[in-house]
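Novice: Next comes the sequence, and after it the predicted model I'd like to discuss.
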Amino acid sequence: MTPHFFIFPNFRAMKKYVLNLFLSIIFALPVISQTAKDQKIINAATEAREDFLKADGLLKNMFRDAYGYVIFPSVGKGGLGVGGAYGNGAVYEKGKLVGMAKLMQLNIGFQAGAQSFREVIFFENKDVFERFKNDKIQLAAQASAVVATEGAAAAAKYTNGVMIFTQVNGGLMYEASVGGQKFNYKDL
């Protein structure tokens with residue numbers, strides 16, 4: 001009996017197998033790396049949620065009662081006359097993770113500095129949440145956020161179906177609005 005060094009009956013079958021294996025790996029890499037990036041954001045969003053709750057225990061009711069919400073665990077913001085912000089977040093519908101989102105902001109006006117902050121946006125109902133998922137929500141220039149401190153959630157109200165809370169991670173910036181933010185959503 002002669003030893004078989006290949007499990008393939010011929011060179012053509014081996015070549016096809018190797019090619020298919022190579023293509024499978026190449027096409028799977030972006031999915032694997034995206035999943036790892038998403039998981040990092042999801043973990044950071046879970047941690048940010050806990051920090052929001054530590055700052056104001058009344059937010060527990062918001063997380064429970066809102067139709068949906070998005071948590072951006074770290075938004076970088078900076079500017080000197082012209083400014084911008086960018087962050088990635090995790091999106092929840094009725095408390096269940098359903099997607100990922102990107103936040104982008106560009107503004108012109110009196111501003112100076114750099115800052116990192118967390119942001120959670122609550123959606124009052126399905127209609128507003130679906131508009132967010134379809135990238136049809138943009139926060140107006142006059143939109144403002146409530147700084148998450150003890151008891152702040154007690155007086156907070158929905159405006160046009162959204163309610164926004166922020167927490168500063170670090171930095172100093174003269175300009176505190178969240179207006180002009182645009183969002184991109186993707187399903188998980």
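Specialist: It's in. Numbering: from 1, shown residues only.

Novice: Point to the residue nearest the middle of this structure.
Specialist: The centre of the chain sits closest to Gly89, judged by C-alpha atoms, centre = their mean, with a distance of 1.0 Å.

Novice: What's the local residue count around the residue lying closest to it once chain neighbours are set aside?
Specialist: Sequence neighbours aside, Phe72 is the residue nearest to Gly89 in space, at 3.8 Å (criterion: C-beta to C-beta, 6 or more residues apart in numbering). C-beta here means a position set from N, CA and C on the backbone, and glycine is covered the same way. Here the number of neighbours of Phe72 (other C-beta atoms under 10 Å) works out to 26.

Novice: I'd guessed the residue nearest to the centre of the chain sits against Ile41; true?
Specialist: Yes - counting by C-beta atoms under 8 Å, Gly89 touches Ile41, with 6.8 Å between them.

Novice: Now do the shared contacts for those two.
Specialist: Pro73, Met100 (C-beta atoms under 8 Å, 6 or more residues apart in numbering).

Novice: where does Gly180 sit relative to Ser74, distance-wise?
Specialist: Using C-beta to C-beta, to the nearest Å, Gly180 is found at 19 Å from Ser74.

Novice: So which residues of this structure form helices?
Specialist: In the chain, the helices defined using DSSP state H lie at 11-55, 59-65, 126-133, 152-155.

Novice: okay, now the spatially closest residue to Arg64 that is not a sequence neighbour: neighbour count?
Specialist: With C-beta to C-beta, 6+ apart as the criterion, Arg64 has its nearest non-adjacent residue at 7.3 Å, and that residue is Gly95. Gly95 is flanked by 10 other residues according to other C-beta under 10 Å.

Novice: beta partners of the closest residue to Asp38 other than its chain neighbours?
Specialist: The shortest distance from Asp38 to any non-neighbouring residue, by C-beta to C-beta, 6+ apart, is to Met100 (5.6 Å). As for beta bridges, Met100 partners with Ala90, Lys186 under DSSP bridges.

Novice: Relative to Glu47, how far out is Met100?
Specialist: 16 Å.
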